[in-house]
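Visitor: sequence first, then the predicted structure:
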Amino acid sequence: MMPTTAFLQPFTDTITFLYTRDLASTARFYEDVLGFQLALDQGSCRIYRIGANGFVGFCERASAQDKPEGVIITFVTDEVDAWADRLKAEAVPLEKPPTLNEEYGIYHIFFRDPNGYLLEIQRFVDPAWRG
């Protein structure tokens, strides 16, 4: 018999792992361009802190896709315009400039990392965010 959720402890953290063929250029991008804190270097994998309890990890694998599709990594902040300026200063092309998306109640930008993953920086304007 499976225990009910009433007896389970809540999760403490979340890590999303993605594959890369070039961990060195991925590390430079996430550390130098985005300024993410390296939480753990496991040799062939590097894990970055992106929030209080959120992490993204990259593992070097020959099987990594050339053009990953179907994944959007979204970073939430009130500073969308400041991030757009920083990315422009770092010569990172924006696929979508700061835009209000009324359908989803967000203000956001899109750009890609060196692996081709689609990244989004967004601010929720919907007051229902986080319940």
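Guide: Cool, got the structure.
Visitor: what sits against the closest residue to residue 59 other than its chain neighbours?
Guide: Spatial nearest neighbour of residue 59, chain neighbours left out: residue 45 (4.0 Å); criterion: C-beta to C-beta, 6 or more residues apart in numbering. Just so you know, the C-beta spots here come from the backbone N, C-alpha and C atoms, and that holds for glycine as well. Contacts of residue 45 were listed using C-beta atoms under 8 Å, 6 or more residues apart in numbering, and they are 17, 23, 57, 58, 59, 60.
Visitor: top of those by neighbour count?
Guide: residue 58 (25 neighbours; other C-beta atoms under 10 Å).
Visitor: distance of the residue nearest to residue 59 from residue 27?
Guide: Using C-beta to C-beta, to the nearest Å, residue 45 is found at 11 Å from residue 27.
Visitor: list residues touching both of those two?
Guide: residue 58.
Visitor: could you pull out the strands for this structure?
Guide: For the chain, the strands defined by DSSP state E cover 14-20, 37-41, 45-49, 54-60, 72-76, 94-101, 106-112, 118-124.
Visitor: what about the fourth one, distance to the chain center?
Guide: Looking back up the chat, that one is strand 54-60. Chain-centre distance of strand 54-60: 9 Å, with C-alpha atoms, centre = their mean, to the nearest Å.
Visitor: what strands flank it, and is each parallel or antiparallel?
Guide: Partners of strand 54-60 in the sheet, by DSSP bridges, are strand 14-20 (parallel), strand 45-49 (antiparallel).
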